[in-house]
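K.L.:
How does the following fold in three dimensions:
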Amino acid sequence: QVHLVESGGGSVQPGGSLRLSCAASGINFGIYTMRWYRQAPGKQRDLVAHITAGGELTYADSVRARFTISRDNAKNTVYLQMNNLEPEDTAVYYCNAFHFYRGNYWGQGTQVTVSP
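P.N.:
You can find the predicted model right below:
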């Protein structure tokens with residue numbers, strides 16, 4: 001059974017930092033593209049960043065230069081370092097594991113709130 005468990009969310013003031021983690025089990029982690037999405041109230045779920053099995057990175061324009069995605073295959077974990085947070089970053093952040101042939105899996109989400 002596949003589990004993706006996010007952690008590291010919380011409340012922070014504008015300009016602050018948080019690091020999200022997503023621990024995966026039940027999958028061959030190293031062959032999956034790992035993604036972070038976020039969903040604000042009343043809005044669609046949007047891609048924030050992704051890292052392929054080969055280490056290629058992609059970021060949404062709104063977070064480029066502030067957020068960094070990374071992965072530790074030995075720990076089956078993907079991270080999202082978020083710096084210089086803005087109120088517009090407030091959302092539930094979801095971890096996603098994707099492989100074209102082996103499936104698409106989601107975590108339960110972790111809340112990030114940025115407010116003065």
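K.L.:
got the contact list for residue 66?
P.N.:
82-85 (C-beta atoms under 8 Å, 6 or more residues apart in numbering). Bear in mind the C-beta positions are built from the backbone N, C-alpha and C, glycine included.
K.L.:
Just the buried subset of those residues, please.
P.N.:
Buried subset of the contacts of residue 66 (neighbour count, 16 or more other C-beta atoms under 10 Å): 82, 85.
K.L.:
Out of the contacts of residue 66, which sit inside helices?
P.N.:
Residues of these located in helices (DSSP state H): none.
K.L.:
which residue sits closest to residue 83 in space, ignoring its chain neighbours?
P.N.:
residue 17 (4.8 Å; C-beta to C-beta, 6 or more residues apart in numbering).
K.L.:
Just give the number of residues close to that neighbour.
P.N.:
Residue 17 has 11 neighbouring residues, counting by other C-beta atoms under 10 Å.
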